[in-house]
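Novice: below are the sequence and a predicted model for it; my questions follow.
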Amino acid sequence: MITNTELEYKGDLFPSKVTGFSKDVDSVYFNTDNNVILKITVLRDSLLRFRYTTKGYFSKDFSYAIDKTQSHGFNALEVTEEKNHYQIQTSKVICKVQKADLRISLTDLDGQLILDDEKGFHWEESYHFGGNIVKMSKASRDGESFYGMGDKASHANLKGKRVENWAMDQYAFHKDQEPLYKVVPFYIGLHHKEAYGIFFDNTFRTFFDFCHERRNVTSFWAEGGEMNYYFIYGPAMSDVVTTYTHLTGKPEMPPLWALGYHQCKWSYFPESKVREITGKFRELRIPCDAIYLDIDYMDGFRCFTWNKDYFPDPKKMVAELAEDGFKTVVIIDPGIKIDKDYWVYQEALDKDYFCKRADGPYMKGKVWPGECNFPDYTNPAVREWWAGLFKELISDIGVKGVWNDMNEPAVMEVPGKTFPMDVRHDYDGNPCSHRKAHNIYGTQMARATYEGVKQFAYPKRPFIITRSAYSGAQKYTSSWTGDNVASWEHLWIANIQMQRMSISGMGFTGSDIGGFAEQPSGELYARWIQLGVFHPFCRTHSSGDHGDQEPWSFDVDVIDITRKFVELRYQLLPYLYTMFWEYINDGVPMLKPLVYFDQEDPQTHYRTDEFLFGNHILVCPILEPNAQGRRMYLPIGNWYNYWTGEVVSGRKELWVKTDYDQIPIFIKEGAIIPKYPVQQYVGELQFDEISLDVYFKLGKENSSLYEDAQDGYDYNKGRYSLSTFRLKGSEKNLIVQQFKEGKYEVPYGKYRINLHALPFKVKRIYVDNERAEFDTVSFDGKTLVIDKDFTELHITAE
Ligand code: GLC
């Protein structure tokens, strides 16, 4: 960090009077007397881009974050000149630009203020950096709240905080620690029931101040680059999030197994240990789909090699694990050991693919293998070479997923824990220093890994997980939250981080269940598993420098709790897969914080613990030892207690009693929750039925179910099955309609319908208008089995 004295603060500079404007298709340019240009581009009616330069011209426009395949289009763009300002109007927002000083204000069409500049754009000439620090300050409204920003380990509502974006290896980080591993310069503001978003697409070190320094001011600034931000108008927070996710890109469907339970440790070796672990999962009948090999599988930590003493025949081991349903995931770090007898090092040297210091030699730093050089993943040729390195691991040995770590990039034994700032990067043909490329390095590594694994896994889907990421990384990879600690506070942090990542476009994320550093008690591990099965990525991992962290390292009640909750996750796989489908298609976050669910209710603005898993399941973890239940807040609507079946109406606080093997889980009334039978791994069973848990509602509710071949790309050719269920309940009738689309034939033919809280005694049942015969044996009033596909189910008391 640079101190103020070093910076020799010269004072801020501001745009002067606007001299005129010009319009060019979707953009409007404003020029000032002192060489500032503001370019406002309308991408959609509710998505505006603001770009400033102080040089009198713009540099080449390039971003790693923005998804170039996204489509744009707006309905209206009108520019008018008034006495003191210019006005740009779309069909959703009005943007005013002050003639005197280029300050901006944004309102909705009713004139309600959404966001306006305090000082607005300004900059400081930093001779330390030899360039500008670009700054923006916005006025903040009373009662305004702030959300988003990726993996921050702080309260969900960032009001009153200052955060820093600089990818950093933060072993055993703590609450409010800044910065962390990921960089997502995107926040959501909410005031007067309206939400908007700001995405500051600048990869230099950035800061965001949410009314921390000054009570009514929000500001953000970068130590270089351009003031370049996107404004997203809601007014629903859900629209802000989906627009942001659309802008920065969505992933492909993961293989279904990747949504199963994963087991990891630093490190499982030798081979006999790996088999002991996988064998124990099957013996104890705790479902598990993936086993991880951490750095010790390699020969001297050299990427793309194997320690043949520990793993004499990796291909055979991986194949045998696969027969037992385990997919093998291996770690690959960016540091390439300096060793002239190591082929990867030699190849990179021959091709000149390592990052260089400004004065010539390759950047050298210490990581696990000792002295290393580091590929420049911001060079497309390097990415292509890197992708090719996965051929043997994936095509030949049969590894199914790759885990990218230490890619902040982390360097040991140096104060900043990373590269010196003068290191040069290609930045896809926009050569720059590490100051600009640092935050994007990990994402470009994960991207290259993704390209490689995808190429060699084809026609199957790849699975990648990364520690460092910048906005948009979700296009290529899942992530985890790095080296957390086995403490109750970290369980609280994990819960917030996953909700935050979800509304920051990067939903496929999980924490190291149980904590990476230190040893969890059995109770803490149990409480963590109970939450972790509701996170999109679900993996136990630990540093291995303390006791063991497999479920059986704890008492038998912890084993039983683990089994019970992991089984629940496996039953809910079709529900989770449908959540994923909504995420990749519409950018809908898989986890929804309460404020996202009901932004009109001010009670939700400071809630941290409760969240929606998908659209219909409300989860609230237990975050304290010895709990017999907890106080929590139920949002709007009526909810079924999952364990007791009791209906509770929301927008109120309540005490929920739970036993040790439970956490508060509520199902939204009217929901239809699809469930598969418990399997020990995805694809273990060929089942001929699916369960639909139907929760009665007086009124209407829609649910969906997405299915496909669970792997491969046929879903892109229409071979998927999407059912929309429309439930309609009245005092004496329940009607469930099913609308199907897609060309995928589901392998089962039966529906097991579990009816919850039907308020009447059933007299007749009609399936597609045909009266179904039943007696008390085939139908007990609660469970109904239909042995064919149906479009309408009518259950009646009449
Ligand atoms: C880092 C990772 C951790 C991994 C370890 C050894 O600390 O965050 O997950 O186990 O390195 O590879």
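Specialist: Cool, the structure landed.
Novice: please make it C-alpha for all contacts and neighbour counts, starting now.
Specialist: Will do.
Novice: am I right that Phe326 is in contact with Ile291?
Specialist: Yes. Assessed by C-alpha atoms under 8 Å, Phe326 is found in contact with Ile291 at 6.4 Å.
Novice: joint contacts of those two?
Specialist: Thr278 (C-alpha atoms under 8 Å, 6 or more residues apart in numbering).
Novice: quick check: phi and psi on the closest residue to Ser542 other than its chain neighbours?
Specialist: Closest residue in space to Ser542, ignoring its immediate chain neighbours: Phe516 at 4.0 Å, by C-alpha to C-alpha, 6 or more residues apart in numbering. Note on Phe516: backbone dihedrals following degrees, to the nearest 10 are phi -80, psi -50.
Novice: tell me the helix or strand right after the helix ranked longest in the chain.
Specialist: Scanning the chain for the longest helix, with DSSP state H as the assignment, gives helix 434-457. For helix 434-457, the succeeding helix or strand toward the C-terminus, using DSSP states H and E, is strand 464-466.
Novice: is any residue of the helix or strand just after that following strand near the ligand?
Specialist: Helices and strands here follow DSSP H and E; after strand 464-466, the next one along the chain is strand 469-470. No. Strand 469-470 does not reach the ligand (C-alpha under 6 Å from any ligand atom); its nearest approach is 13.3 Å.
Novice: okay, now the sheet partners of strand 469-470, with direction.
Specialist: strand 182-183 (parallel) (DSSP bridges).
Novice: pLDDT of the partner strand, averaged?
Specialist: What strand 182-183 shows for mean pLDDT is 98.
Novice: ok, stretch 32-52 next?
Specialist: 97.
Novice: for it, buried residues please.
Specialist: Within stretch 32-52, the residues that count as buried by 16 or more other C-alpha atoms under 10 Å are 32, 35-52.
Novice: up against the ligand, what does the stretch 201-350 of the chain have?
Specialist: Trp266, Asp294, Ile295.
Novice: go again using 5 Å as the cut-off
Specialist: Proximity of the stretch 201-350 of the chain to the ligand (C-alpha under 5 Å from any ligand atom) is limited to residues Trp266.
Novice: which residue ranges of the stretch 201-350 of the chain form strands?
Specialist: Secondary structure of the stretch 201-350 of the chain (DSSP state E, counting those that start in this stretch): strands located at 206-210, 217-222, 227-233, 262-263, 290-293, 327-332, 336-337.
Novice: need the winner for burial among the ones you listed.
Specialist: Ranked by mean neighbour count, the strands of the stretch 201-350 of the chain are led by strand 336-337 with a mean of 26 (mean count of other C-alpha atoms under 10 Å).
Novice: packing partners of it?
Specialist: Packing contacts for strand 336-337, counted by 3 or more C-alpha pairs under 8 Å, 6 or more residues apart in numbering; DSSP states H and E, involve helix 343-351, strand 370-373.
Novice: quick one: the following helix or strand past the last one to helix 434-457, angle?
Specialist: Later in the chain than strand 370-373, the nearest helix or strand by DSSP H and E is helix 380-388. Orientation check (axes from the mean of the first three to the mean of the last three C-alpha atoms, to 10 degrees): helix 380-388 against helix 434-457 gives 40 degrees.
Novice: buried stuff in helix 380-388?
Specialist: Per 16+ other C-alpha under 10 Å, helix 380-388 contains these buried residues: Pro380, Val382, Arg383, Trp385, Trp386, Ala387, Gly388.
Novice: then stretch 97-109?
Specialist: Buried, per 16+ other C-alpha under 10 Å, within stretch 97-109: Val97, Gln98, Lys99, Asp101, Leu102, Arg103, Ile104, Ser105, Leu106, Thr107, Asp108.
Novice: again with stretch 78-89
Specialist: Val79, His85, Tyr86, Gln87, Ile88, Gln89.
Novice: take those residues and lay them out in CSV including distance to Trp480 and secondary structure.
Specialist: Converted to CSV, these look like this (distance: C-alpha to C-alpha, whole Å; DSSP: H, G, I helix; E, B strand; the rest coil):
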residue, distance to Trp480, secondary structure
Val79, 45, strand
His85, 47, strand
Tyr86, 46, strand
Gln87, 44, strand
Ile88, 41, strand
Gln89, 41, strand
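Novice: what about the closest residue to Val399 other than its chain neighbours, distance to Gln530?
Specialist: Closest residue to Val399 apart from its sequence neighbours, by C-alpha to C-alpha, 6+ apart: Thr328 at 5.2 Å. To Gln530, Thr328 is 24 Å away according to C-alpha to C-alpha, to the nearest Å.
Novice: so what's Glu78 up against?
Specialist: Per C-alpha under 8 Å, 6+ apart, neighbours of Glu78: Gln87, Ile88, Gln89, Thr90.
Novice: partners of the third one in the sheet?
Specialist: The residues listed as beta-bridge partners of Gln89 by DSSP bridges are Glu78, Ile94.
Novice: pLDDT value on it, please?
Specialist: Looking at Gln89, the pLDDT reads 97.
Novice: tell me who's in contact with it.
Specialist: Contacts of Gln89 by C-alpha under 8 Å, 6+ apart are Ala76, Leu77, Glu78, Val79, Cys95.
Novice: ok so, going back, quick check, the residue nearest to Val399 in contact with Val318.
Specialist: Yes. Between Thr328 and Val318 there is a contact under C-alpha under 8 Å: 6.4 Å.
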